[in-house]
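S.K.: Task: produce atomic coordinates for the following.
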Amino acid sequence: MTDESSKTNQSNMTNMTNNSRMTSEFDALYGSKHLTAADLKDGSRRCKIGKVAIEDFRDKDGSTRRKFVTYLEGEDKGVALNKTNATRLANAFGKDQANWVGKLVELRAEMTGLGKEGIVVTPLRKAAPPEKRPAETPPAATDPDLDDAVPF
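M.R.: Next comes the predicted model:
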């Protein structure tokens, strides 16, 4: 390898490292404070809900809407729940959001009906423990003296 091509390769590696660092810095400065579909580019994630908050969101027309935001253990960003995802959690774990804490969910990116990529939150239920059956009692031994026919 010539000195010139070595310098070019080294320069390309430096640029790739700088670009990667700049991308993460850009996302940290200008990215969303909530988890987005772009954050799930590596596939689905299974997480435990650590806390649930209600936060205000500003619409494009300037009005404000309140939404549930789930903060997941091991994640820096919360997931702002649309009505569909909030309804899924309420159907699985109850409408009291305090009951959602500690529950497992799966997050995945998916195209929405509006043609945008969004996050789908799927409640996961732990496998129910096997049902305990009562121990079968052996049939009582019959005494031949007690097996008389009784007319009614």
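S.K.: so where do the strands sit in this structure?
M.R.: Here the chain has its strands, by DSSP state E, at 45-58, 64-72, 78-80, 104-111, 117-124.
S.K.: Determine which stretch of those is the most buried.
M.R.: Across these, averaging neighbours per residue (mean count of other C-beta atoms under 10 Å) puts strand 78-80 on top, at a mean of 21. Any C-beta I mention is one placed from the backbone N, CA and C, and that applies to glycine too.
S.K.: Can you pull the poorly scored residue ranges out of this protein?
M.R.: Counting by pLDDT under 70, the ranges of the chain that qualify are 1-24, 26-28, 126-152.
S.K.: try it again with 90
M.R.: 1-33, 36-44, 59, 75-76, 111-116, 125-152 (pLDDT under 90).
S.K.: closest to residue 32 out of the strands of the chain?
M.R.: Residue 32 sits nearest to strand 78-80 of all those, at 8.8 Å, using C-beta to C-beta.
S.K.: so what does the closest one touch, helix or strand wise?
M.R.: strand 45-58, strand 64-72 (3 or more C-beta pairs under 8 Å, 6 or more residues apart in numbering; DSSP states H and E).
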